[in-house]
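Asker: Mind looking at a prediction? Sequence and model below.
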Amino acid sequence: MSYSTDPITSECYEGTTCFINKFNITDEEKLASLEADISLMKSAQLEKIGMKAGFNEEDYKELHRYLLGDIYDWAGEYRSINMTKKGTKFAECDRIPELMNRCFARLKKLNYFLDTDFDEFIDELVDFYCTINHIHPFREGNGRVQRVFITQLVRYNGCDINFSQIDTDDLMVATIHSAQGVTDYLHDIFHRSITVVDE
């Protein structure tokens, strides 16, 4: 997990930084392993059925609930604590609803990028990725829901992306750079990894 939070206010087990969960696991490594297993299974199920609704804010929250609802009672709910990770400070928790509303209003205004050419599509996708990553709306599982949502959005635009084929270290470095305002690395990863499948 490696988030920096206040364990007193972040609903962690006493004396730990491990979030309270439905399995009562108090070891972060075991909990992280369980999260990975369950979210991977859920993501595979979603691969077969696709997203049932559209690409709005409520769909994003529902996707988080779908992926992690078996583990956390608060899955699908915005975090109420402030967090940092690897030197990156995410949006203040009290600003999350406003920022998410603006982010998805813009996505809708741009017609989910359907009216863009490929280069512009990559530009907008990078911007969306960076915005969502900065907001980091949930206590845990942000990267997972972000990748699944973007995969579905890319496919909605007649393209494809497979995050499992992207080097995780490269993506992490690119994401950290983008949080500092340098998006070139992330742009390059998306440009190389997204293919047009429906012309």
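Answerer: Good, I have the coordinates. Residues are numbered from 1 along each chain as shown.
Asker: check contacts around I161.
Answerer: By C-beta atoms under 8 Å, 6 or more residues apart in numbering, the contact set of I161 is I150, T151, V154, F190, S193, I194, T195. C-beta coordinates here come from the backbone N, C-alpha and C atoms, glycine included.
Asker: if you average pLDDT over the longest helix seen in the chain, what comes out?
Answerer: Longest helix in the chain, counting residues (DSSP state H): helix 28-49. The average pLDDT for helix 28-49 rounds to 90.
Asker: do the same with stretch 61-79
Answerer: According to the model, stretch 61-79 has a mean pLDDT of 96.
Asker: Now the terminal residues of it, how far apart.
Answerer: 11 Å (C-alpha to C-alpha, to the nearest Å).
Asker: Now it: buried residues?
Answerer: 61-72, 74-76, 78-79 (16 or more other C-beta atoms under 10 Å).
Asker: And the residue most central in space within the chain, how far from Y185?
Answerer: With distances taken as C-alpha atoms, centre = their mean, Q146 lies nearest the centre of the chain, 2.3 Å away. Remark: distance between Q146 and Y185 (C-beta to C-beta, to the nearest Å) = 17 Å.
Asker: With Y60 instead?
Answerer: 25 Å.
Asker: how far is the longest helix of the chain from where the chain is centred?
Answerer: From the chain centre to the centre of helix 28-49 is a distance of 14 Å (C-alpha atoms, centre = their mean, to the nearest Å).
Asker: List the contacts of that helix.
Answerer: Counting by C-beta under 8 Å, 6+ apart, residues outside helix 28-49 touching it are 1, 16-19, 21, 23, 25, 66-68, 70-71, 140-141, 144, 148, 152.
Asker: Same question for stretch 128-135.
Answerer: Counting by C-beta under 8 Å, 6+ apart, 90-91, 96, 99-100, 103, 107, 142, 146, 149-150, 153, 175, 178-179, 183, 186, 190 sit against stretch 128-135.
Asker: how about that stretch: buried residues?
Answerer: Burial within stretch 128-135, assessed by neighbour count using 16+ other C-beta under 10 Å, is assigned to F128, Y129, C130, T131, I132, N133, I135.
Asker: Among the residues you listed, which ones are in helices?
Answerer: Those of these mapping onto helices are F128, Y129, C130, T131, I132, N133, I135, per DSSP H.
Asker: Any chance of the buried residues of stretch 128-135 in CSV with distance to N162 and pLDDT as columns?
Answerer: Converted to CSV, these look like this (distance: C-beta to C-beta, whole Å; pLDDT from 0 to 100):
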residue, distance to N162, pLDDT
F128, 18, 98
Y129, 16, 97
C130, 20, 97
T131, 23, 97
I132, 19, 97
N133, 19, 96
I135, 25, 98
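Asker: Generate TSV for these, with distance to M41 as supplementary columns.
Answerer: Compiled in TSV, the buried residues of stretch 128-135 are given as follows (distance: C-beta to C-beta, whole Å):
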residue	distance to M41
F128	26
Y129	24
C130	28
T131	28
I132	23
N133	24
I135	26
